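**Student:** Build me a model from this:
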Amino acid sequence: MTVNKTTQTESSVAHFINTIENETKRNDALELVKIMQKTTGFDAKMWGQNIIGFGRYHYKYESGHEGDAPLVAFSPRKDAISLYLDASFENKEALLSKFGRHKAGKGCIYIKKIADIEVEVLKKMISLSVENLNKLYPNN
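**Tutor:** Sure thing, here's the model as predicted:
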């Protein structure tokens with residue numbers, strides 16, 4: 001059985017954010033913590049070395065692979081801030097069209113800075129993502 005390398009840790013979110021050299025990215029990380037904490041109702045926790053997650057759910061795929069993951073998360077990477085939301089929440093494409101400057105991958109949305117996006121759209125996407133994951137994995 002494969003073990004997930006990204007698991008929740010006891011590392012300090014504040015310490016991690018304080019190590020971010022770029023001031024704009026550091027301030028955006030602090031703002032994203034506030035936004036995600038308020039929107040999800042969960043405290044920020046470190047997942048692995050550089051992902052800040054909120055809440056958790058346990059998934060199990062038909063293949064038998066299972067594990068735990070944060071309901072929503074972000075990581076202030078060098079090139080962009082990666083936002084980790086559910087890949088299939090309701091109205092995703094319509095909301096992304098109103099979201100602002102971003103790039104979207106299968107499981108991530110990449111932004112350069114919060115000033116480039118519509119924060120209210122982000123809050124809606126976070127809520128819908130959590131709602132969808134709770135429907136998909138109701139035993140959390």
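**Student:** Tell me which stretches of the chain form helices.
**Tutor:** 13-18, 23-40, 92-99, 119-136 (DSSP state H).
**Student:** could the ones you listed go into CSV alongside mean pLDDT, distance to P70 and mean neighbour count?
**Tutor:** (Glycine included, C-beta is placed from N, CA and C.) Output for these, formatted as CSV (pLDDT from 0 to 100; distance: least, CB to CB, whole Å; neighbours: other CB atoms under 10 Å):
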stretch, mean pLDDT, distance to P70, mean neighbour count
helix 13-18, 98, 12, 14
helix 23-40, 98, 9, 17
helix 92-99, 96, 18, 14
helix 119-136, 96, 10, 17
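**Student:** and of these, who's closest to Y110?
**Tutor:** helix 92-99 (11.3 Å; CB to CB).
**Student:** now the angle between helix 119-136 and the closest one, please.
**Tutor:** Counting by axes from the mean of the first three to the mean of the last three CA atoms, to 10 degrees, helix 92-99 lies at 160 degrees to helix 119-136.
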